[in-house]
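Peer 1: have a look; sequence and predicted model below, questions after that.
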2 protein chains.
Amino acid sequence: MATIKDVAQTAGVAISTVSLTFANPDRVSPDTARRVWKAADLLGYRPNPLAQSLKRGRSRMIGVLVGDISSPFFGRLLKAVERRALERGYLMIVADTDGDPERELELLDQFTAQRIAGLLISPHGSSTAYGRRLSACKTPLVMVDHRFRGAPLDYVASDTRMAARMLTDHLINLGHRRIAQITGPVQLYTAAERVEGYKEALQAAGLPVNDDLLVDGRYRDAESYAQTMRLMTRADRPTAILAASNMMALGALQALQELGYACPEDVSLATIDDIPWSAVIKPKLTMVLQDIEQIAQVSADYLLDRVESTSPDKLTPRETVLIPRLFIGSSTAPPSSINGA
Amino acid sequence: MATIKDVAQTAGVAISTVSLTFANPDRVSPDTARRVWKAADLLGYRPNPLAQSLKRGRSRMIGVLVGDISSPFFGRLLKAVERRALERGYLMIVADTDGDPERELELLDQFTAQRIAGLLISPHGSSTAYGRRLSACKTPLVMVDHRFRGAPLDYVASDTRMAARMLTDHLINLGHRRIAQITGPVQLYTAAERVEGYKEALQAAGLPVNDDLLVDGRYRDAESYAQTMRLMTRADRPTAILAASNMMALGALQALQELGYACPEDVSLATIDDIPWSAVIKPKLTMVLQDIEQIAQVSADYLLDRVESTSPDKLTPRETVLIPRLFIGSSTAPPSSINGA
DNA sequence: GTGAAAGCGCTAACAG
DNA sequence: CTGTTAGCGCTTTCAC
């Protein structure tokens, strides 16, 4: 591979001139610039990013740290983030934390050791020690989807509390009074918010909040399946279920089908998040949709703006919370008179 | 961040000794080693990978180049690859090629410029110029899922021709005679193989191959939907459909439902690939399952073995083709007498 | 065993 | 405008 030295040699100039030509063409004579460019593409020269990064103390790569690469949500997010990063001249390095804060911190260390320019992170920790580590990080950080409360960092997501509230309102308006939520692990920001939105809606309607109807599905379809089984075999079973994630909705639906409950005739089901293949699922699920591409683009831009700012830490944290959209499918209906209020 | 110099200073040794201690502890006295280690973790020293890579001419990162990060197949693949790479001490940098060979080649250049240790690639090109570029690449390369015929490179995938054949056999055994395939773009290796497997099965059964029944769904659900619409509104419509990918099966299913065809009563539907959430889809699809985690692990190991080998180019190309597993769901049944043979 | 020194490829003063 | 020079942090001969 040709180095800057080779280019200098064949162009008959000093290496610093070659460097300058690429960094700031206006500061060399047009003639020199032409000779350098010619030599460069004659040799197929590409600057060695490793050397550049070592010198600058920072690489042109951004890191992305998510809980589950293989989930449909993060799959779409990664795709859009990578695209935007590439447009702005950055490569993307990604790792899967399995939702484990320890792992996350270790990976954060590895990434910063690589001198990445910035990091997009979906933080899963909640301890104050964890928060300190995040805040202490010198590398620009942007939180996406999840958030650590109190960390003064950029944050981009859709309004997940509102999402839960919209769905709960919808179910209440249909006449439901016993509405269960299959939640995520409540130490997680999004899971807690979804519970809050649900409670807000109930309280606004003057309905009691019954903790029995909040069961933890851990954001996993299998857990959700099991919890739905338990929920629906109780005497005081709910007439409607709100699943806090798409995968959990699928688990719940499977359980309902196996128990012989018709949806929405016997039980209504609503969910948060977009399932791309939702069209073929019967019944079509009522859900709130997030604009993932928008989240990706905004968060990538926040990050790179900060990276390219002259004083990244002086920038006050920005925050974008997108309004989700309610899609009413055929999985929700008024409660049947037998179970109804 | 502490550098090797700081460690040397506080340990009271030369920097070369520090370097040696980490690279080859046996070659320094036990006492020195201890002092170095103590100094190192007192300062929280981590070697700068950029400097190491610059010096060695190679980084401890592997690249992954796939056609669509957000697809369920690659999502699961990436997750498992990243895990395996991390276990072996490598970070993963990924990019989405959108299935465009040009883009792929450009990204390949960018990645090799980064001095990545190796590259996992799902090659989408077919021109000989493209093949030359792949073969000329100095960086260890492993092809996964897709393959470029004739390139002497490692290759890992499941036997996709056999997969198509198994499904076609199954449909034939049920009594179907008019079996359509919704194919991928046939210039792609996997798509072509799936057509081959289908033809082999028909020929082995002494059935004619009818090109009318091969329609291109471009590996996209929307195209598949449209093609199914076209297919099923023809006079000589098929009694069974084989969708060459999971997303295409969903598109086909949606079309069938909208046209009012019952599956499997009116039309049988079978597909290749595993859909994690397939359990909630009615009917349960008959399909062949690939062991994605296995593909990921083997390909990562092939790549890293080659990376760590002393003479990577001397290693003869290895190849693993995994046997897929047939799962018989409820989407396939004998043809009804009205449409049947 | 340990240290001095060269150099990986590049950038950024600083001279001229 | 262009060249010289001093590193960025590390590895790796080669002496001692």
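Peer 2: Perfect, I can see it now. Residues are numbered from 1 along each chain as shown, chains lettered A, B, ... in the order given.
Peer 1: give me every residue that touches A:Ala279.
Peer 2: B:250, B:254 (CB atoms under 8 Å, 6 or more residues apart in numbering or on different chains). C-beta: built from backbone N, CA, C; applies to glycine.
Peer 1: that one should be in a helix, yeah?
Peer 2: Yes: residue state for A:Ala279 (DSSP: H, G, I helix; E, B strand; the rest coil) corresponds to a helix.
Peer 1: how far away is it from B:Glu258?
Peer 2: Here the distance between A:Ala279 and B:Glu258 works out to 10 Å (CB to CB, to the nearest Å).
Peer 1: which residues do those two both contact?
Peer 2: Shared contacts of A:Ala279 and B:Glu258, counting by CB under 8 Å, 6+ apart, come down to nothing at all.
Peer 1: check the secondary structure at A:Arg177 for me.
Peer 2: Reduced to three states with three-state DSSP, the structure at A:Arg177 is coil.
Peer 1: does it touch A:Leu207 like I think?
Peer 2: Yes: using CB atoms under 8 Å, A:Arg177 makes contact with A:Leu207 at a distance of 6.5 Å.
Peer 1: the helix or strand hosting A:Arg132 - contacts with which helices or strands?
Peer 2: Per DSSP states H and E: A:Arg132 is located in helix A:128-136. Here helix A:128-136 touches helix A:101-113, going by 3 or more CB pairs under 8 Å, 6 or more residues apart in numbering or on different chains; DSSP states H and E.
Peer 1: what's the helix it packs on packed up against?
Peer 2: For helix A:101-113, the elements it packs on are strand A:61-66, strand A:91-96, strand A:118-121, helix A:128-136, judged by 3+ CB pairs under 8 Å, 6+ apart.
Peer 1: show me what whichever helix or strand comes after the longest one is in contact with.
Peer 2: Proceeding N to C from helix A:128-136, the next assigned helix or strand is strand A:141-144, under DSSP H and E. The set of residues that contact strand A:141-144 without belonging to it, under CB under 8 Å, 6+ apart, is A:77, A:118-123, A:134, A:151, A:153-157, A:295, A:299, A:302-303, A:306.
Peer 1: would you map the helices across chain A?
Peer 2: A:4-11, A:15-23, A:30-43, A:49-56, A:72-87, A:101-113, A:128-136, A:160-173, A:189-204, A:221-232, A:246-259, A:292-308 (DSSP state H).
Peer 1: ok, and does the fifth one reach over to chain B?
Peer 2: What it means is helix A:72-87. Yes: for helix A:72-87, a contact with chain B is found by CB under 8 Å from any CB of the partner chain, at A:72, A:74-76, A:78-79, A:82-83, A:86.
Peer 1: I'd like these laid out as CSV, including pLDDT.
Peer 2: Output for those, formatted as CSV (pLDDT from 0 to 100):
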residue, pLDDT
A:Pro72, 86
A:Phe74, 94
A:Gly75, 94
A:Arg76, 94
A:Leu78, 98
A:Lys79, 97
A:Glu82, 98
A:Arg83, 97
A:Leu86, 97
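Peer 1: adding neighbour count, write these out as CSV.
Peer 2: Output for the residues of helix A:72-87 next to chain B, formatted as CSV (neighbours: other CB atoms under 10 Å in any protein chain shown):
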residue, neighbour count
A:Pro72, 22
A:Phe74, 26
A:Gly75, 25
A:Arg76, 20
A:Leu78, 24
A:Lys79, 22
A:Glu82, 24
A:Arg83, 18
A:Leu86, 18
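Peer 1: dump the helices and strands packed on helix A:101-113 to CSV, plus mean neighbour count and mean pLDDT.
Peer 2: Conversion of those to CSV gives the following (neighbours: other CB atoms under 10 Å in any protein chain shown; pLDDT from 0 to 100):
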stretch, mean neighbour count, mean pLDDT
strand A:61-66, 26, 98
strand A:91-96, 24, 98
strand A:118-121, 26, 98
helix A:128-136, 14, 95
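Peer 1: with distance to DNA strand D added, can I get those in TSV?
Peer 2: Output for the helices and strands packed on helix A:101-113, formatted as TSV (distance: least, CB to the nearest atom of the strand, whole Å):
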stretch	distance to DNA strand D
strand A:61-66	17
strand A:91-96	19
strand A:118-121	19
helix A:128-136	19
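Peer 1: quick one: least confident helix or strand in chain A?
Peer 2: Lowest on mean pLDDT, DSSP states H and E among the helices and strands of chain A sits helix A:246-259, with a mean of 92.
Peer 1: and it, what does it pack against?
Peer 2: Contact here means 3+ CB pairs under 8 Å, 6+ apart; on that basis helix A:246-259 packs against helix A:221-232, strand A:240-243, strand A:268-272.
Peer 1: try 6 Å this time
Peer 2: For helix A:246-259, the elements it packs on are helix A:221-232, strand A:240-243, judged by 3 or more CB pairs under 6 Å, 6 or more residues apart in numbering or on different chains; DSSP states H and E.
Peer 1: kindly reformat the ones you listed as TSV containing mean pLDDT.
Peer 2: Shown next, in TSV, are the helices and strands packed on helix A:246-259 (pLDDT from 0 to 100):
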stretch	mean pLDDT
helix A:221-232	96
strand A:240-243	98
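Peer 1: in CSV, list these along with distance to chain B.
Peer 2: Below are those laid out as CSV (distance: least, CB to the nearest CB, whole Å):
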stretch, distance to chain B
helix A:221-232, 7
strand A:240-243, 12
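Peer 1: ok, and which of these has the densest surroundings?
Peer 2: Per residue and on average, the most neighbours among these fall to strand A:240-243, with a mean of 32 (mean count of other CB atoms under 10 Å in any protein chain shown).
Peer 1: list of residues touching that strand?
Peer 2: A:167, A:171, A:176, A:179-182, A:249, A:252, A:268-271 (CB atoms under 6 Å, 6 or more residues apart in numbering or on different chains).
Peer 1: same check on stretch A:256-272?
Peer 2: Contacts of stretch A:256-272 (CB under 6 Å, 6+ apart): A:163, A:167, A:232, A:240-244, A:246, A:249, A:283, A:285-288, A:331-333.
Peer 1: likewise stretch A:32-43?
Peer 2: A:2, A:6-7, A:10-11, A:18, A:21, A:25.
Peer 1: can you list the residues of chain A near DNA strand D?
Peer 2: Contacts of chain A with DNA strand D, taken as CB under 7 Å from any atom of the strand, map to A:12-17, A:20, A:27-29, A:31-33, A:51, A:54-55, A:57.
Peer 1: so, low pLDDT: which residues of the stretch 1-150 of chain A?
Peer 2: Along the stretch 1-150 of chain A, segments meeting pLDDT under 70 are nowhere present.
Peer 1: for the contacts of strand A:240-243, work out which two are farthest apart.
Peer 2: Greatest spatial distance in the contacts of strand A:240-243: A:His176 and A:Ala249, 16.4 Å, computed using CB to CB.
Peer 1: comparing these two, which residue is more hemmed in?
Peer 2: With neighbours defined as other CB atoms under 10 Å in any protein chain shown, A:His176 and A:Ala249 compare such that A:Ala249 has more, 32 against 27.
Peer 1: how much space between the more buried one and DNA strand D?
Peer 2: For A:Ala249, the distance to DNA strand D equals 48 Å [CB to the nearest atom of the strand, to the nearest Å].
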